[in-house]
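Chemist: Turn this into a structure:
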Amino acid sequence: MKKIAFTMVLCLSLFISLALRTAYAQLVFGPDNETTGNQLDTIAAVVDNDIITRGELAASMATIERQLKKKGTPLPPPEVLQNQVLERLILAKLQLRAAERNGIVVDDQTLNTAIENLARQNNLTLSQLRQTIEKDGFDFAGFREDIRKEIMFTRLRQRMVDSQIQLSDQEVDSMMGNPRAASGGEREYNIAQILIALPEGASPEQVEAGHKKALGILEQLRQGADFKRLAVAVSDDRQALEGGELGWRKIDQIPTLFADVVPRLQPGQVSDLIRSSSGFHIVKLLESKGSQQRLVNQIHIRHILIATNERATGDDARLRVQRLRERIQNGADFAELARANSNDNASAVKGGDLGWITTSELPPSFEQEVNQLQPGQLSRPFQTPAGWHIVQLLERRQSEGGGDSQRAQLKEALFKRRADEEWELWLRRLRGEAYVEIRLNQAPAKAGG
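Modeler: Next comes the predicted model:
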């Protein structure tokens, strides 16, 4: 299935904006520079066997305050913002330790390639990227380690969630039978949500308290309260600090829970309470727009992947791919080598064939390599978080997106929707099972004491 090859390279698609990337790095991990002050090295929270210092928390809060002011989002009270930022730091710490427990490592070769791709996607040289980061007040060595952690998080998601998802033909058939999904996604929706979370196995009293809180928030919204400000202040969703915004989604990309609700909303309207196993949701439709059926660019490609993991380093994988490429150039059959060597099992059995793919659905690193090829041409070896690849472009075409292409796109959308939902549940369980002690209201204790 095509999703296996491409879900493994999703990390690089996160780097849409350098400014957002650097701000996010400081928010999640805090700066590496030492911070002065009597209380900045004291403990804000204990997370299993780790700690988060008040210095990390203060730096992250300052970054978020700048972001919210720049977007014109009213700031919640400082103690409310502090709690939201601390929760994000806690979750980042838990993901990092989970990745390490599962033997997920990112070697320097993989890291260097990711940073080179980031620079290229921002139309910068590596030197210019470094200068930009340091000009904005960030330490480049710390920035490198933040990228390494982000790749680790991507691999953690792939191992714990994405690789476990199986889609049946019946599920795809059901989506094909949905008139809105089968229409090719004629409308797109920009949505935001507020989540009032409930613990797993919540008692009737906890459910009632959560319901009462959610009703109160809904009433505030219907009386004209600012949705973004309330989301920042009260939402338990991971997008709370972005004002709850989930961004533009086609109908087949909207979370299943909201798929029947959102199309019935008018721009600016909020939904009634929506109950899920996670808690109570309020969804707001920010904007919607129509799109006419149009021709899309598609490519037919095949590839060979040599994966990198704890047993195979980046250098080993790169050398293997280079040798395979040389054999193909010397007349060896691509399909036979893919069947014998490729670690993308779904495509390997088909000689590495990934079928017809809409170019806009490709991760940036893949798209960049393929766009340079002519039909029949073989790519240079290139790296993604999954490992090292060579790709051969077989054909190009323009299509209206119907038939097999539409089915493939709907299958990809269904997989992404399912993976996103399962990842949110996995993170919520990770947080719920952790030992977390918040010490913000206690007398400061030294981080080393």
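
Chemist: count of neighbours near residue 246?
Modeler: By other C-beta atoms under 10 Å, 21 other residues sit near residue 246. Heads up, the C-betas are built off the backbone N, CA and C, glycines and all.

Chemist: what sits against it?
Modeler: For residue 246, the contact set (C-beta atoms under 8 Å, 6 or more residues apart in numbering) comprises 191-193, 239.

Chemist: can you tell me which of those lies nearest to residue 226?
Modeler: Set against residue 226, the nearest of the contacts of residue 246 by C-beta to C-beta is residue 192 (11.5 Å).

Chemist: Can you tell me the SS state at the closest one?
Modeler: strand (DSSP: H, G, I helix; E, B strand; the rest coil).

Chemist: residue contacts, it?
Modeler: 227-228, 231, 239, 243-246, 283-284, 286.

Chemist: What is the neighbour count of the closest residue to it other than its chain neighbours?
Modeler: Among residues not flanking residue 192 along the chain, residue 244 sits closest, at 4.1 Å (C-beta to C-beta, 6 or more residues apart in numbering). Neighbours of residue 244 under the rule other C-beta under 10 Å: 25.

Chemist: Quick check on residue 244: phi, psi?
Modeler: Phi and psi for residue 244, reported as degrees, to the nearest 10, are phi 80, psi 0.

Chemist: Touching, it and residue 229? I think so.
Modeler: No. Taking contacts as C-beta atoms under 8 Å, residue 244 lies outside contact range of residue 229: 10.1 Å.

Chemist: what residues are up against the residue nearest to residue 192?
Modeler: Residue 244 makes contacts with 192-194, 227-228, 231-232, 235, 237, 284, as judged by C-beta under 8 Å, 6+ apart.

Chemist: I'd assumed residue 95 was in contact with residue 50.
Modeler: No. Contact status for residue 50 versus residue 95: not in contact, 11.6 Å apart, counting by C-beta under 8 Å.

Chemist: who's more crowded, these two?
Modeler: Using other C-beta under 10 Å as the criterion, residue 50 and residue 95 rank with residue 95 on top: 21 against 13.

Chemist: Quick check: next helix or strand after the helix or strand harbouring that one?
Modeler: Assigning secondary structure by DSSP states H and E places residue 95 in helix 78-101. Downstream of helix 78-101, the first helix or strand assigned by DSSP H and E is helix 108-121.

Chemist: buried ones in the next helix or strand after that following helix?
Modeler: Next along the chain after helix 108-121, taking DSSP H and E as the criterion, comes helix 126-135. Using 16 or more other C-beta atoms under 10 Å as the test for burial, helix 126-135 gives 129-130, 132-133.

Chemist: domain ranges for the chain?
Modeler: Domain assignment for the chain by automatic domain parsing gives 2-166+433-438, 186-292, 296-399.

Chemist: Let me know which of those is the nearest to residue 416.
Modeler: Checking these against residue 416 by C-beta to C-beta gives domain 186-292 as the closest, at 6.8 Å.

Chemist: so how far is that closest one from its chain's centroid?
Modeler: Domain 186-292 has its C-alpha centroid displaced from the chain centroid by 19 Å (C-alpha atoms, centre = their mean, to the nearest Å).

Chemist: Please, which helix or strand holds residue 283?
Modeler: Using DSSP H and E, residue 283 falls in strand 279-290.

Chemist: For that strand, report the contacting residues that lie outside it.
Modeler: 186-198, 210-211, 213-214, 217-218, 221, 227, 236, 244-245, 257-258, 261-262, 265-271, 273-275.

Chemist: quick one: buried residues of whichever helix or strand comes after that strand?
Modeler: Sequence-wise, the next helix or strand downstream of strand 279-290 (DSSP H and E) is strand 296-307. In terms of neighbour count (16+ other C-beta under 10 Å), strand 296-307 has its buried residues at 296, 298-307.

Chemist: start to end distance for stretch 249-260?
Modeler: 13 Å (C-alpha to C-alpha, to the nearest Å).

Chemist: Can you get me a residue count around the nearest residue to residue 271 once chain neighbours are set aside?
Modeler: The shortest distance from residue 271 to any non-neighbouring residue, by C-beta to C-beta, 6+ apart, is to residue 283 (4.4 Å). For residue 283, the count of nearby residues is 25 (other C-beta under 10 Å).

Chemist: From the contacts of residue 246, pick the one nearest residue 345.
Modeler: Nearest to residue 345, judged by C-beta to C-beta, of the contacts of residue 246 is residue 239 at 33.6 Å.

Chemist: so how far is residue 379 from that closest one?
Modeler: Per C-beta to C-beta, to the nearest Å, residue 239 is found 36 Å from residue 379.

Chemist: can you give me phi and psi for residue 396?
Modeler: In terms of degrees, to the nearest 10, the main-chain angles of residue 396 are phi -130, psi 150.

Chemist: Look up which residues are beta-bridged to it.
Modeler: Going by DSSP bridges, residue 396 is paired in beta bridges with residue 299.

Chemist: what's the burial count for it?
Modeler: 16.

Chemist: So for residue 150, what's the pLDDT?
Modeler: Residue 150 is assigned a predicted lDDT (pLDDT) of 89.

Chemist: Over to the one 3 residues further on?
Modeler: Each residue has a pLDDT score; the one for residue 153 is 92.

Chemist: The one 5 residues further on now?
Modeler: The predicted local distance difference test score for residue 158 is 88.

Chemist: Against which helices or strands is the helix or strand harbouring it packed?
Modeler: For residue 158, the element it lies in under DSSP H and E is helix 140-160. Contacts defined by 3 or more C-beta pairs under 8 Å, 6 or more residues apart in numbering; DSSP states H and E place helix 140-160 against helix 18-29, helix 78-101, helix 108-121, helix 126-135, helix 403-433.

Chemist: helices or strands up against the second one?
Modeler: Right, the one you point to is helix 78-101. helix 18-29, strand 43-47, strand 50-53, helix 54-71, helix 140-160, helix 227-234, helix 403-433.

Chemist: can you rerun that using 10 Å?
Modeler: Applying 3 or more C-beta pairs under 10 Å, 6 or more residues apart in numbering; DSSP states H and E, we find helix 78-101 packed against helix 18-29, strand 43-47, strand 50-53, helix 54-71, helix 140-160, helix 227-234, helix 403-433, strand 436-438.

Chemist: Tabulate the CA atom coordinates of it in PDB.
Modeler: The C-alpha coordinates for helix 78-101 follow below in PDB (Å, rounded to 0.1, in the frame of the first residue of the first chain):
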ATOM      1  CA  PRO A  78      -0.800  34.300  32.900                       C
ATOM      2  CA  GLU A  79      -1.500  31.300  35.200                       C
ATOM      3  CA  VAL A  80      -3.900  29.800  32.500                       C
ATOM      4  CA  LEU A  81      -1.300  30.200  29.800                       C
ATOM      5  CA  GLN A  82       1.400  28.700  32.100                       C
ATOM      6  CA  ASN A  83      -0.700  25.600  32.600                       C
ATOM      7  CA  GLN A  84      -1.300  25.100  28.900                       C
ATOM      8  CA  VAL A  85       2.400  25.600  28.000                       C
ATOM      9  CA  LEU A  86       3.500  23.200  30.800                       C
ATOM     10  CA  GLU A  87       1.200  20.500  29.500                       C
ATOM     11  CA  ARG A  88       2.800  20.700  26.100                       C
ATOM     12  CA  LEU A  89       6.300  20.500  27.600                       C
ATOM     13  CA  ILE A  90       5.200  17.400  29.600                       C
ATOM     14  CA  LEU A  91       3.800  15.700  26.500                       C
ATOM     15  CA  ALA A  92       7.000  16.400  24.600                       C
ATOM     16  CA  LYS A  93       9.100  14.900  27.400                       C
ATOM     17  CA  LEU A  94       7.000  11.800  27.500                       C
ATOM     18  CA  GLN A  95       7.200  11.300  23.700                       C
ATOM     19  CA  LEU A  96      11.000  11.600  23.800                       C
ATOM     20  CA  ARG A  97      11.400   9.000  26.500                       C
ATOM     21  CA  ALA A  98       8.900   6.600  24.800                       C
ATOM     22  CA  ALA A  99      11.000   6.900  21.600                       C
ATOM     23  CA  GLU A 100      14.200   6.100  23.500                       C
ATOM     24  CA  ARG A 101      12.500   3.100  25.200                       C
END
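
Chemist: Great, nothing more from me.
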